[in-house]
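Chemist: sequence and predicted model, in that order:
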Amino acid sequence: MSLPLEVSNSGRAEKALPLFLRLTQAGFGDRLFKKITALFAFLILFLAGLTAFTLWRASIPCIQKMGWSFLNTGDWDPVREMFGSVPFVYGTIVSSFLALLIATPFGLGISLFLTELAPKKMREPVAFLVETLAAIPSVVYGLWGIFLLAPFMRVHVDPILIKSGLPIFKGPSTGLSLFTAGVILSIMILPTITAISREVFEAVPNSYRESAKALGATSWETIQLAVMKPSKVGILGAVMLALGRALGETMAVTMVIGNKPEVSGNLLDPSHSMASVIANEFSEAVGDIHISALAEIGLLLMTITLVLNIVAHLLVWATTSKFQR
Amino acid sequence: MPDYQTYRRLLDRTMVVLCGLAALFAAIPLVSLLAYVLFQGFHRLDWTFLTSLPTPVGVAGGGMANAILGTVTLVLVASCVGLPIGILAGIYLSEYGKKNKFAWSVRFTADVLSGVPSIVTGIVAYTLIVKPMHNFSALAGGVALGFMMIPITTRTTEELVKMVPHSIREASWALGVSQWRTILSIVIRTAKNGILTGVLLSIARIAGETAPLLFTAFNNQFWPKGVNEPTASLTVQVFTYAISPFKDWQDQAWTGALVLLILVLAINGTAKLFFKNPREMLR
């Protein structure tokens, strides 16, 4: 006969047993299994800590040498060991916001079309199309960007923008510019905005829509009142997650941005971004301090995306769980 | 006010059409990209390309065989690092982490980690592995990719295991099966296909990564001799050839991109085929 459950579950009686008997106890396997899986779950926290710590350690030499001037000067000269991150931060932020400006209306339009307007038969193919956009590797986007998008921008789009006379579009353009980087990024973040805003829209209960319709609202008014308004915060979260993706995107941007570390108000000028300078210079860095400077750029990039991601996840959770109660 | 009514109707029509147009517009870059890769890459895609090593500029022929093998190696190393951690952590979250602070923080950290730029993961792998070992290696590249796999597999495993109905767990307990045996042989088995889908999707995602490999696995023009050597990968090779000034190399970049696209989309497609909702499997 096996021991009664109550005895085997109380710690005192168990300690009295020799190990080989304890192993056969009911519940021992359960606790062991739980502990093992918990350990692996803990590894995720450890990994996050390790990532932050490693980056910080790697950037110490540069932090000591440059101090605050790393953050507020724009001089990047590895040979003289002068490192200022301003042009890269500028390029990253401007190209990402350009991407958001272009992708947000399209992304929201598509997800509204998918959740509210499209006939059932059309939903699957359109969703498949957007998912395929997300599956394409970024280096392939970059290749397409160099040989198709950049020449297209130079010949067809940029001349029109230059003619508009706005001070942010000044010629001549080579096609490799901050603006082209923004366009290619907008294509790449479109799936993110679409997928997450779709999730948010689908969380809105149908009774909201029915009430709006019952009051005589048109489809668009229903969308405005019963879908967009209650999911405002969630949309903001979707946009911020997409922004996070745009900030960290490396290959496609590196291939079309022109790689010139300068701050210029002209969007058609070649520029540089935080991720692209790391991709370009890391494997052929001229010295330890250069590597450390690139690591500090990585640290800066991670900090920005981390803060953005934390806020964005909280916003998306806040909206989707609001409707689940 | 008839005018206002017309305005309302017009606005409604316009906006509905605009939403549809947005979906149509999204198709333009996709179609252009797929068609162009196929158009530019297809004519060099032959047996030679898939089975031979790269040749120096000016020498005819040459392929990306070592890069294809390198990508496979990197994915294998990454899976060894990423899958056990990801899957077991996912099981913990769904089976034991309904309402506790530790599970909440793990879940949140995984979500946030999946937003860390891949190039940053590359720097971490460089500092932790390449620097102490004094050479670029497939090991370092694979670990970087494995780090990226962890949060993705954790969250998909959790979602999928959660979908298994609670009643079958209870049925198993009622038969006297212990909790951990129930999880391993009942719950996981039911969610098997779903988990496999998640694994395949994460493989498809990391197989297309370039940024973390640039300074971890680096590149190599020859067959790799082991995981402790610089290793070529399809993505890095496509990048190197794309930014080179040689026409022949640029042509090969397109063919490489085509192979990469076929590979990634095929894994994605297989993942979708495998997927069965655990809830529906029981019916």
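Modeler: Happy to help now that I have it. Numbers count the residues shown, from 1 in each chain, chains lettered A, B, ... in the order given.

Chemist: so where do the strands sit in the chain?
Modeler: You didn't pick a chain, so chain A it is. When assigned using DSSP state E, the strands of chain A occupy the ranges A:76-77, A:82-83.

Chemist: pull up the pairing partners for the last one, direction included.
Modeler: This means strand A:82-83. strand A:76-77 (antiparallel) (DSSP bridges).

Chemist: which parts of the top helix by length along chain B are buried?
Modeler: Using DSSP state H, we find that the single longest helix of chain B is helix B:2-41. Using 16 or more other C-beta atoms under 10 Å in any protein chain shown as the test for burial, helix B:2-41 gives B:12, B:15-16, B:18-20, B:22-23, B:26, B:29-30, B:33-34, B:36-37, B:40-41. All C-beta spots, glycine's among them, are computed from the backbone N, C-alpha and C.

Chemist: same thing with stretch A:139-159?
Modeler: Quick answer for stretch A:139-159 (16+ other C-beta under 10 Å): A:139-150, A:152-154, A:157-158.

Chemist: filtering these by proximity to chain B, which remain?
Modeler: Of the residues in those, proximity to chain B by C-beta under 8 Å from any C-beta of the partner chain holds for A:Val139, A:Val140, A:Tyr141, A:Gly142, A:Leu143, A:Trp144, A:Ile146, A:Phe147, A:Leu148.

Chemist: grab the nearest non-local neighbour of the residue in the stretch 151-300 of chain A positioned nearest to chain B.
Modeler: Evaluated by C-beta to the nearest C-beta, the stretch 151-300 of chain A has A:Gly248 as its residue closest to chain B, separated by 2.6 Å. Spatially, and ignoring its direct neighbours in sequence, A:Gly248 is nearest to B:Pro117 (2.6 Å; C-beta to C-beta, 6 or more residues apart in numbering or on different chains).

Chemist: I figured that neighbour hits A:Thr250, correct?
Modeler: Yes - the criterion here is C-beta atoms under 8 Å, and B:Pro117 meets it with A:Thr250 at 6.9 Å.

Chemist: any common contacting residues for these two?
Modeler: Each of A:Ala275, B:Ala211 lies in contact with both B:Pro117 and A:Thr250 under the rule C-beta atoms under 8 Å, 6 or more residues apart in numbering or on different chains.

Chemist: middle-most residue in chain A, spatially?
Modeler: Centroid-nearest residue in chain A: A:Arg245, 2.2 Å away (criterion: C-alpha atoms, centre = their mean).

Chemist: got it, and chain B?
Modeler: B:Arg205 (1.4 Å).

Chemist: who are the contact partners of it?
Modeler: Shown in contact with B:Arg205 (C-beta under 8 Å, 6+ apart): A:Ala135, B:Met148, B:Ile152.

Chemist: where's it, which helix or strand?
Modeler: Assigned by DSSP states H and E, B:Arg205 belongs to helix B:188-207.

Chemist: pull the CA atoms of that helix into CSV?
Modeler: This file holds the C-alpha atoms of helix B:188-207, laid out as CSV (Å, rounded to 0.1, in the frame of the first residue of the first chain):
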residue,chain,number,x,y,z
ILE,B,188,1.4,18.9,-24.9
ARG,B,189,0.2,16.1,-27.2
THR,B,190,-3.0,17.8,-27.9
ALA,B,191,-1.2,21.1,-28.5
LYS,B,192,1.6,19.4,-30.5
ASN,B,193,0.7,20.7,-33.9
GLY,B,194,0.1,24.2,-32.6
ILE,B,195,3.5,24.3,-30.9
LEU,B,196,5.2,23.0,-34.0
THR,B,197,3.5,25.8,-36.0
GLY,B,198,5.0,28.3,-33.5
VAL,B,199,8.4,26.7,-33.8
LEU,B,200,8.3,26.8,-37.6
LEU,B,201,7.2,30.4,-37.6
SER,B,202,10.1,31.4,-35.4
ILE,B,203,12.5,29.5,-37.6
ALA,B,204,11.2,31.3,-40.7
ARG,B,205,11.7,34.6,-38.9
ILE,B,206,15.3,34.0,-37.8
ALA,B,207,16.3,32.4,-41.1
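
Chemist: who touches the next helix or strand after that helix?
Modeler: Moving toward the C-terminus from helix B:188-207, the next helix or strand (DSSP H and E) is helix B:234-242. With C-beta under 8 Å, 6+ apart as the test, helix B:234-242 has contacts from A:137, A:139-140, A:142-143, A:146-147, A:251, A:255, B:54, B:64, B:67-68, B:70-71, B:207-210, B:213-214, B:217-219, B:249-250, B:252-253, B:256-257, B:259-260, B:263.

Chemist: so which bits of the stretch 151-283 of chain B are right by chain A?
Modeler: Counting by C-beta under 8 Å from any C-beta, the stretch 151-283 of chain B sits next to chain A at B:151, B:154, B:178-181, B:183-184, B:204-205, B:207-211, B:214-215, B:218, B:235, B:238-239, B:242-243, B:250, B:253-254, B:257, B:260-261, B:264-265, B:268.

Chemist: burial count for the residue in the stretch 51-200 of chain B that chain A sits nearest to?
Modeler: The minimum distance from the stretch 51-200 of chain B to chain A, using C-beta to the nearest C-beta, falls at B:Pro117 (2.6 Å). For B:Pro117, the count of nearby residues is 25 (other C-beta atoms under 10 Å in any protein chain shown).

Chemist: per-domain residue ranges of chain B.
Modeler: Under the assignment automatic domain parsing, the domains of chain B span B:2-44, B:49-281.

Chemist: CSV for those domains, including mean pLDDT?
Modeler: Formatted as CSV, the domains of chain B follow (pLDDT from 0 to 100):
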stretch, mean pLDDT
domain B:2-44, 90
domain B:49-281, 90
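
Chemist: reformat those domains as JSON lines; add distance to A:Gly29.
Modeler: Compiled in JSON lines, the domains of chain B are given as follows (distance: least, C-beta to C-beta, whole Å):
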{"stretch": "domain B:2-44", "distance to A:Gly29": "50"}
{"stretch": "domain B:49-281", "distance to A:Gly29": "5"}
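
Chemist: quick revisit: residues contacting the residue of the stretch 51-200 of chain B closest to chain A?
Modeler: Taking C-beta under 8 Å, 6+ apart as the test, what B:Pro117 contacts is A:Leu247, A:Gly248, A:Glu249, A:Thr250, A:Ala275, A:Leu301, A:Met302, A:Thr305, B:Ala211.

Chemist: near chain B, which residues of the stretch 151-300 of chain A are found?
Modeler: The stretch 151-300 of chain A comes close to chain B at residues A:187, A:190, A:218-221, A:223, A:241, A:244-245, A:247-251, A:255, A:275, A:278-279, A:282-283, A:294-295, A:298, as judged by C-beta under 8 Å from any C-beta.

Chemist: could you flag which of these are buried?
Modeler: Those of these that meet the buried threshold are A:187, A:190, A:218-221, A:223, A:241, A:244-245, A:247-251, A:255, A:275, A:278-279, A:282-283, A:294-295, A:298, by 16+ other C-beta under 10 Å.

Chemist: for chain A, what's the nearest residue on the stretch 151-283 of chain B?
Modeler: B:Gly208 (2.8 Å).
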